[in-house]
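Engineer: how would this look folded up:
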Amino acid sequence: MNDNTPPPLEPPPIKPGRYQYAPMPGKKDPLAVLETLLKYPGRIIWEISNGRARPVVMALALIMVFSLAIYGAVVGSLTGGSQVWIAPVKIAFGSLLSLLICLPSLYVFLCLSGSDSNLRQVAGMLLASVCLTSLLLISFAPVAWVFSQSTDSIALMGFLHLLFWIVAVWFGMSLLKRCIQLVSQSAKGNLGVWMILYIVVSLQMMTSLRPIIGHATTFLPDQKQFFLAHWSECLSKSVK
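Structural biologist: Take a look at the predicted model:
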């Protein structure tokens, strides 16, 4: 009697989890770092925490600046002219400056929360989260470009860019929280207070570098203004 029973299927290989704390295989070039950040961010944190941080950090910084510059060009395309290059410079510079301003408070907050992470680890994790934010923004760039070619309303486009930024920051801060849990199980509490601080600083930074969307006679504003007051002023002008 012939046994025609097919052999049992082999189980599929077990894929590593997104937050598997393990080394990156292969090279540490920007393309490999980008793919690893999106698929297995735990490997990025391992590289930052275990002595091979330089190529990974340089790749993250390059990806962040490039992505923000491309998205900034889309932002500046609404009004055109010099804003096509001014907006990318302001957005990339403002994001980097916000990161540096908020880094000390994040480190102190984590130390007080019981984390034993060093400053290099904290800086790398924050850079990774901002890099993910910039990648999400550049993924929204085609949608933003379609709207920028369909309307002249600065208030509408400002709201749309703000919405995209909030979504991107939410994913970036979620990554930061998971990364901190990877390297420091003893850390207690949450990052809610610091995240609010980071968001406020970022919004105020972009207001201080205004205009990013509209036209202006000077590269930087000639008067100080809180970002909520600036938004209120822009909305009141759009209603008139």
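Engineer: State the three-state secondary structure for Gly17.
Structural biologist: Secondary structure, DSSP: H, G, I helix; E, B strand; the rest coil: Gly17 is coil.
Engineer: ok, now which ones touch it?
Structural biologist: Gly17 makes contacts with 40, 42, as judged by Cβ atoms under 8 Å, 6 or more residues apart in numbering. C-beta: built from backbone N, CA, C; applies to glycine.
Engineer: Leu220 versus Pro55, what's the distance?
Structural biologist: Distance, Pro55 to Leu220, by Cβ to Cβ, to the nearest Å: 35 Å.
Engineer: Settle it for me: which of these two has more neighbours?
Structural biologist: Pro55 (16 against 10; other Cβ atoms under 10 Å).
Engineer: so what's that one scoring on pLDDT?
Structural biologist: Predicted confidence (pLDDT) for Pro55: 89.
Engineer: Ok, Lys90 next?
Structural biologist: For Lys90, pLDDT reads 91.
Engineer: can you offset everything so residue one is 31?
Structural biologist: Got it, the first residue is 31 from now on, which makes the last one we talked about Lys120.
Engineer: And it, how far from Ala103?
Structural biologist: Where Ala103 is concerned, Lys120 sits at a distance of 12 Å (Cβ to Cβ).
Engineer: more neighbours, those two?
Structural biologist: The neighbour comparison of Lys120 against Ala103 (other Cβ under 10 Å) goes to Lys120, with 24 against 17.
Engineer: Next, the contact list for that one, please.
Structural biologist: Contacts of Lys120 by Cβ under 8 Å, 6+ apart are 102, 236, 239, 242.
Engineer: Could you measure from it over to Leu126?
Structural biologist: In terms of Cβ to Cβ, Lys120 sits 11 Å off from Leu126.
Engineer: Can you tell me the centre-most residue of this structure?
Structural biologist: Central residue of the chain (Cα atoms, centre = their mean): Thr163, 2.1 Å from the mean position.
Engineer: Looks like that residue contacts Phe201 (just checking).
Structural biologist: Yes - the pair Thr163 / Phe201 is scored as a contact, 6.9 Å apart, by Cβ atoms under 8 Å.
Engineer: re the thing from before, just send the contacts of Lys120 back as JSON lines, with neighbour count and secondary structure too.
Structural biologist: Below are the contacts of Lys120 laid out as JSON lines (neighbours: other Cβ atoms under 10 Å; DSSP: H, G, I helix; E, B strand; the rest coil):
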{"residue": "Gly102", "neighbour count": "26", "secondary structure": "helix"}
{"residue": "Met236", "neighbour count": "20", "secondary structure": "helix"}
{"residue": "Leu239", "neighbour count": "19", "secondary structure": "coil"}
{"residue": "Ile242", "neighbour count": "23", "secondary structure": "coil"}
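Engineer: Of those, just say which sits nearest to Val176.
Structural biologist: Proximity of these to Val176 (Cβ to Cβ) peaks at Gly102, which lies at 16.9 Å.
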